[in-house]
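A.B. asks: Only the shape, not the letters, is given here:
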């Protein structure tokens, strides 16, 4: 049997070379021959996928690699009693597309414990319109709530608000009754952000440069996808007892801050890792997504491309040109 997939190779010069290729089953790595075979129906594009396909960061740990950190599809064969042929499943994280062949392909092979049953009220397409981005956003919302942030606590800031995580975080928070402020460098998208549920829009330039260790208190909580100076300023502006969920590095990996917000205001910085998460936590996040996600809005902020379009699409992520979500039809 063969499948079509995005296939990444490393050149002798150390560059990543992507291509759409037809791959025979026996070409995949021996240690990827796991217990469950999935016929992939939908995948999606995330910032990490863009880094992998372009080689802009060392996301891929071995070559050749099929990228794609998430997918949704149907079980084709299983050697594990937890899954039967025909079961509809969702997979996010676990270093798929980094150390293990991922979801930008017509077929995937993964350990049984990596899979979740498709949430009953969502279609396979909707699970990938949500994807790792929405799953991460839901983990952020759960973290804020578990640290005591409630709908009446005050304004919640979301940075990187036109991206996948940011846009879905706005949707979830607004649906949960929170007053959401969106930070963006795209003023032309202000109306779009308000349609998602933001009550105000902030120029991200006000957060992106070095600031004082402690600043005027404003935010009851925040979801940050940027890192670097943005995260430092967000922490410095968070109110006493507030919570900042950090889940991204769009501006940078560094964190040029002081301990002042944490020891003088009791601010909590909650790190969000969506790759290695317990099944219990995963199910809780998807349950929250089922409850809060607006299906109509989700469809409006999502566009669909075919596998052949992936390589030309991913550079837009690195240039900050992508708004909302992109779903990939791996069979087109």
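C.D. replies: Ah, there it is. On a predicted model such as this, the values are computed, not experimentally measured, just so you know.
A.B. asks: gap between residue 251 and residue 281?
C.D. replies: Using C-beta to C-beta, to the nearest Å, residue 251 is found at 27 Å from residue 281. Where you see a C-beta, it was placed from the backbone N, CA and C, and this is true even at glycine.
A.B. asks: So between the two, which is more surrounded?
C.D. replies: residue 251 (19 against 14; other C-beta atoms under 10 Å).
A.B. asks: tell me the pLDDT at that one?
C.D. replies: According to the prediction, residue 251 has pLDDT 93.
A.B. asks: Grab the longest helix from this structure for me.
C.D. replies: helix 124-146 (DSSP state H).
A.B. asks: neighbouring strands for the next helix or strand after that one, and are they parallel or not?
C.D. replies: As assigned by DSSP states H and E, the chain's next helix or strand after helix 124-146 is strand 155-158. If you go by DSSP bridges, strand 155-158 pairs up with strand 179-184 (parallel), strand 219-224 (parallel).
A.B. asks: Pull the distance from the helix or strand of the chain with the lowest mean pLDDT to the chain's centre.
C.D. replies: Ranked by mean pLDDT, DSSP states H and E, the helix or strand of the chain with the weakest confidence is helix 315-318, at a mean of 90. With C-alpha atoms, centre = their mean, to the nearest Å as the basis, helix 315-318 stands 15 Å off its chain's centre.
A.B. asks: before we move on, what about stretch 43-59?
C.D. replies: Relative to its chain's centre, stretch 43-59 lies at 12 Å (C-alpha atoms, centre = their mean).
A.B. asks: Look at that stretch and report the distance between its end residues.
C.D. replies: 18 Å (C-alpha to C-alpha, to the nearest Å).
A.B. asks: Ok, stretch 221-230 next?
C.D. replies: Criterion C-alpha to C-alpha; first-to-last residue distance in stretch 221-230 is 14 Å.
A.B. asks: Same question for stretch 294-304.
C.D. replies: In stretch 294-304, first residue to last residue: 18 Å (C-alpha to C-alpha).
A.B. asks: likewise stretch 59-78?
C.D. replies: For stretch 59-78, the end-to-end distance is 29 Å (C-alpha to C-alpha).
A.B. asks: tell me which residues in it are buried?
C.D. replies: The neighbour-count check on stretch 59-78 (16 or more other C-beta atoms under 10 Å) flags 59-60, 64-73, 75-76, 78 as buried.
A.B. asks: With stretch 116-136 instead?
C.D. replies: 116, 118-119, 122, 124-136.
A.B. asks: which helices and strands does the least confident helix or strand of the chain pack with?
C.D. replies: Here helix 315-318 touches helix 47-54, going by 3 or more C-beta pairs under 8 Å, 6 or more residues apart in numbering; DSSP states H and E.
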